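>>> Quick one: sequence and predicted model below, then my questions.
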Amino acid sequence: MEQTIIIEHLEPKVWPWCKIEYESISQIIPKNNLWFTNIRYEEEFLKNLGKVSKESIIDMKLEKACILDPNAKETLTPKDAKQFKYFIIGGILGDYPPKKRTKEELTDKLHNIPARNLGKKQFSTDNAVYVLKKIIDGTPLNKLQFQNKITIKINEVESVDLPYYYPLINGKPRISEKLITFLKNKKDF
């Protein structure tokens, strides 16, 4: 069964940070298997990355769907992933500490759709998709390596701490180079 990843955009705009993460996701998931829903802005930009819909996932009647929510009781396994055709991820710029927005804005509203977690830590949206793809492709969560929090050096004096969970690839945290450049050029925090 071909599987589709759906990013339900839950921010009031498609912020530059969102664009960077969504571009990163498009490098993980082929365009025909990637949907962006609840989109009100930046449709043309997102159409280059995947299918775009103004409609919210809440109004769609999808079968064999799964919500990925850090607060779900069950962890997604490779065997479990095979039963689902659609995986729904909240397009949320994370808060620290997490505010459980996925639960409030998706899981509680889509109570007929099962929810799974990718562990209890908070990922950036693109890293949640990366971990999901690894699980779909057969790697259990406990076989992946992670780093909790990374620090991006901005200049000789300043740095930015990103308090999220990062999958490690060849011992290095997975983060978009575009995001690092964006952070280094950002004028205010």
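Thanks, I have the structure now. Numbers count the residues shown, from 1 in each chain.
>>> Give me the phi and psi for the most centrally placed residue in the chain.
Nearest to the mean C-alpha position of the chain, by Cα atoms, centre = their mean, lies Thr125 at 2.2 Å. Note on Thr125: its backbone torsions stand at phi -60, psi -40 [degrees, to the nearest 10].
>>> Find the nearest non-adjacent residue to it, please.
In this structure, Thr125 finds its nearest non-sequential neighbour in Glu21, 4.7 Å apart by Cβ to Cβ, 6 or more residues apart in numbering. Yep, even glycine has a C-beta here, placed from its N, CA and C like the rest.
>>> How is that neighbour classified with respect to secondary structure?
Applying DSSP: H, G, I helix; E, B strand; the rest coil to Glu21 yields a three-state assignment of helix.
>>> Return the distance of the helix or strand bottoming out on mean pLDDT in the chain from the chain's centre.
Every helix and strand in the chain was compared by mean pLDDT, DSSP states H and E; the lowest is helix 101-102, with a mean of 77. On the basis of Cα atoms, centre = their mean, to the nearest Å, helix 101-102 sits 12 Å off its chain's mean C-alpha point.
>>> can you give me the helices in the chain?
Remark: helices assigned in the chain by DSSP state H are 16-26, 43-47, 78-81, 101-102, 125-136, 177-185.
>>> Which strands and helices lie in contact with the longest one?
I take that to be helix 125-136. Contacts defined by 3 or more Cβ pairs under 8 Å, 6 or more residues apart in numbering; DSSP states H and E place helix 125-136 against strand 4-9, helix 16-26, helix 78-81, strand 86-91, strand 159-169.
>>> chain center to the third one: distance?
Per Cα atoms, centre = their mean, the displacement of helix 78-81 from the mean C-alpha position of its chain is 18 Å.
>>> How about exporting that helix as PDB, limited to the C-alpha atoms?
What follows is helix 78-81, C-alpha atoms only, in PDB (Å, rounded to 0.1, in the frame of the first residue of the first chain):
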ATOM      1  CA  PRO A  78       7.100  -0.800  11.500                       C
ATOM      2  CA  LYS A  79       4.500  -3.600  11.700                       C
ATOM      3  CA  ASP A  80       1.800  -1.200  12.900                       C
ATOM      4  CA  ALA A  81       2.700   1.300  10.200                       C
END
